[in-house]
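[1] sequence below, structure please.
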Amino acid sequence: MTVAVPSELEFVEHTVDLVARHCLACGLSVKAVRFNLRVALSEALANAIVYGNRLDPGKQVHIAICLVGQSVQVHVRDQGEGFDPNCIPDPRSRDCIERVAGRGLFLIKELVDELEFNDRGNSLCMTLHRA
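    Got it, this is the predicted structure:
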């Protein structure tokens, strides 16, 4: 399944609902879909829209869901310049603990089984293992 989402935050909830229904049909557990997937995908979409596409209505975020063995992979790609995920500070560090932003990637990493980025840094792949 593939989905193209406009760079507007109002589309995040509907898109997450659509992908969640598809992932349930793919065999992910109800718990993994209701919490892990929904939160991780919401964060990934919001980051792609706000930071990647800079809320540019002329750009889209592309999502692809793939079954790979006993796993479901959710790819999220924006049309932005990308970033180096290794340069994002740990939000639990003393310097970052008071910051309002900067926890999205941390949450995604904690909620999925595997997380990979492309070299450009404008695409991520979240892997969740099926029950």
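
[2] in this structure, which spans are strands?
    Along the chain, counting by DSSP state E, strands occupy 2-6, 60-68, 71-77, 114-117, 123-129.

[3] in contact with the residue nearest to residue 44 when sequence neighbours are not counted: list those residues for me.
    Distances taken as Cβ to Cβ, 6 or more residues apart in numbering put residue 76 closest to residue 44, at 4.4 Å, once the chain neighbours are dropped. C-beta: built from backbone N, CA, C; applies to glycine. Shown in contact with residue 76 (Cβ atoms under 8 Å, 6 or more residues apart in numbering): 41, 44, 45, 48, 61, 62, 63, 123, 124, 126.

[4] what are the contacting residues of stretch 122-131?
    23, 26-29, 32, 36-37, 40-41, 44, 52, 68, 70-83, 85, 108, 112-118.

[5] and the buried ones among those, selectable in ChimeraX?
    Command for ChimeraX that selects the buried part of these, burial taken from 16 or more other Cβ atoms under 10 Å:
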select :23,26,28,32,36,37,40,41,44,52,71,72,73,74,75,76,77,78,79,80,82,83,108,112,115,117
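
[6] the helices in the chain, which residues?
    Under the criterion DSSP state H, the chain carries helices at the ranges 12-25, 30-31, 38-47, 104-111.

[7] between the ones you listed, which one is closest to residue 94.
    For the helices of the chain, proximity to residue 94 was assessed by Cβ to Cβ; helix 104-111 is nearest, at 15.1 Å.

[8] give me the angle between the closest one and strand 123-129.
    Calculated by axes from the mean of the first three to the mean of the last three Cα atoms, to 10 degrees, helix 104-111 forms an angle of 20 degrees with strand 123-129.

[9] contacts for stretch 104-116 next, please.
    35-37, 39-40, 43-44, 46-47, 71, 85, 88, 90-92, 124-129.

[10] now it - C-alpha only, PDB.
    Backbone C-alpha positions of stretch 104-116 (Å, rounded to 0.1, in the frame of the first residue of the first chain) are rendered in PDB as follows:
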ATOM      1  CA  GLY A 104       9.900  12.600  18.200                       C
ATOM      2  CA  LEU A 105      12.800  10.500  16.900                       C
ATOM      3  CA  PHE A 106      13.500   9.300  20.400                       C
ATOM      4  CA  LEU A 107       9.900   8.000  20.700                       C
ATOM      5  CA  ILE A 108      10.000   6.400  17.300                       C
ATOM      6  CA  LYS A 109      13.200   4.600  18.200                       C
ATOM      7  CA  GLU A 110      11.700   3.300  21.400                       C
ATOM      8  CA  LEU A 111       8.400   2.100  19.800                       C
ATOM      9  CA  VAL A 112       9.500   0.200  16.700                       C
ATOM     10  CA  ASP A 113      11.700  -2.900  16.400                       C
ATOM     11  CA  GLU A 114      14.000  -1.400  13.900                       C
ATOM     12  CA  LEU A 115      14.600   2.100  12.500                       C
ATOM     13  CA  GLU A 116      16.700   3.000   9.400                       C
END
